[in-house]
Every structure is written in C-alpha cells, then in structure tokens.
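In: fold the following and give me the result.
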Amino acid sequence: METQSFVLGMLMTYGVTLTTVVVIGLVKISRLVKQQQSLGKNISDLQLEIQSRDRDFRRIMDETNREITLVERTIMQRIDKEIDMTNRHIHDEVTMIHRHEDEIEKTIHEIDKKHELHEDELFRTLEGKISEAISYTDSRIDKVVLSGTMKGTKRPTV
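Out: The predicted model follows:
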C-alpha cells in the first residue's frame, strides 16, 4: 500500500504541478491576449490618428495650393497689367516721336524750299549785276575805242 500511496502522492504532486503549470500558462495566455487586444486597440487608435492627421495635412496642403494659385494669378494679372501699360506708354511715345519727326521733316522741307527760292533770287540778282557790269564795261570799252584815247600799248612778253 505504500507503493500505492507513493504513486498516488506522486500522481497528485504531478497533477498539482501540471495544474499549476496549466493555470500559470492560462494566466500568461490571458494576460498576453489582453496585452494583444490593448496593443491592437492602440494600433487601431494610431491608425485613426494617422488617417486624421493625413486628412488634416492634405486639407492644409490643398488650402496652401489654392492660396499659392490665387497669389500667382494675382501677380500674373498685375504683371500683365503693367506690361500692357508699359506697351501703351511706349506706343504713345513712339507715336509722339513720329509726329515730331514729321513736323521736323515738314519744317526742313519748307526751309529747303525757301532756301532754294532765295538761292534762285540771289542767282538771278547776281546774274543781273554781272550782266550790268559786263554791259557797263563793254560800253566803257566802246567809248574809249571810239574816242581813240586808247593806244595799242601791248607790252611784249618775255
């Protein structure tokens, strides 16, 4: 009976040890399952937080892009307006320069005409005076020749 008691004691010790190991294993498994559930919840919360921040980031980026586009459009409109104003100003100045050129050419043309008329008048006056001088000189020569006062006093040239 001693052997039976010993075997039963050993079986009981083995059963208690096995039960203790199983209970400790179940407790550890239960704790790991709770930890896994907690980690899963934390991961899920982090994913939701990441998605929320991603949406916020995308919204901010979209708003920033819209603002940049609006500012760019405004700047380009101002540049276009300045370019148009500058082109108009240049065109006006070029038109004014052409008007002044036309006026100057007209004035030069009038001055040239007056100069030509004055030159023609001077030429005719000069021709008249030369003609008068020639006529006067001819008449004096004729008078001297007719009066016989001039003698043929040519000097011989050496």
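In: how far away is the residue nearest the centre of the chain from Gln47?
Out: In the chain, the centroid-proximal residue (C-alpha atoms, centre = their mean) is Ile79; its distance is 8.1 Å. According to C-beta to C-beta, to the nearest Å, Ile79 and Gln47 sit 47 Å apart. C-beta coordinates here come from the backbone N, C-alpha and C atoms, glycine included.
In: then Arg140?
Out: Arg140 is 134 Å from Gln47, by C-beta to C-beta.
In: what of Ser5?
Out: Distance from Ser5 to Gln47, by C-beta to C-beta: 61 Å.
In: ok, now Asn87?
Out: As for Asn87, its distance to Gln47 is 58 Å (criterion: C-beta to C-beta).
In: give me the number of residues near Asn65?
Out: 10 (other C-beta atoms under 10 Å).
In: which helix or strand contains it?
Out: helix 2-147 (DSSP states H and E).
In: how far out from the middle of the chain is that helix?
Out: 6 Å (C-alpha atoms, centre = their mean, to the nearest Å).
In: what's the average pLDDT for that helix?
Out: Helix 2-147 comes out with an average pLDDT of 92.
In: just checking, what packs against it?
Out: If you count contacts as 3 or more C-beta pairs under 8 Å, 6 or more residues apart in numbering; DSSP states H and E, helix 2-147 packs onto no helix or strand.
In: dump stretch 128-139 to PDB, keeping only the CA atoms.
Out: Taking Å, rounded to 0.1, in the frame of the first residue of the first chain, the C-alpha atoms of stretch 128-139 are listed here in PDB:
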ATOM      1  CA  GLY A 128      21.700 140.700-113.500                       C
ATOM      2  CA  LYS A 129      24.500 142.600-111.700                       C
ATOM      3  CA  ILE A 130      27.200 140.600-113.700                       C
ATOM      4  CA  SER A 131      25.300 141.300-116.800                       C
ATOM      5  CA  GLU A 132      25.100 145.000-115.900                       C
ATOM      6  CA  ALA A 133      28.800 145.100-115.100                       C
ATOM      7  CA  ILE A 134      29.700 143.400-118.400                       C
ATOM      8  CA  SER A 135      27.400 145.800-120.200                       C
ATOM      9  CA  TYR A 136      28.900 148.800-118.400                       C
ATOM     10  CA  THR A 137      32.400 147.500-119.100                       C
ATOM     11  CA  ASP A 138      31.600 147.000-122.800                       C
ATOM     12  CA  SER A 139      30.100 150.400-123.000                       C
END
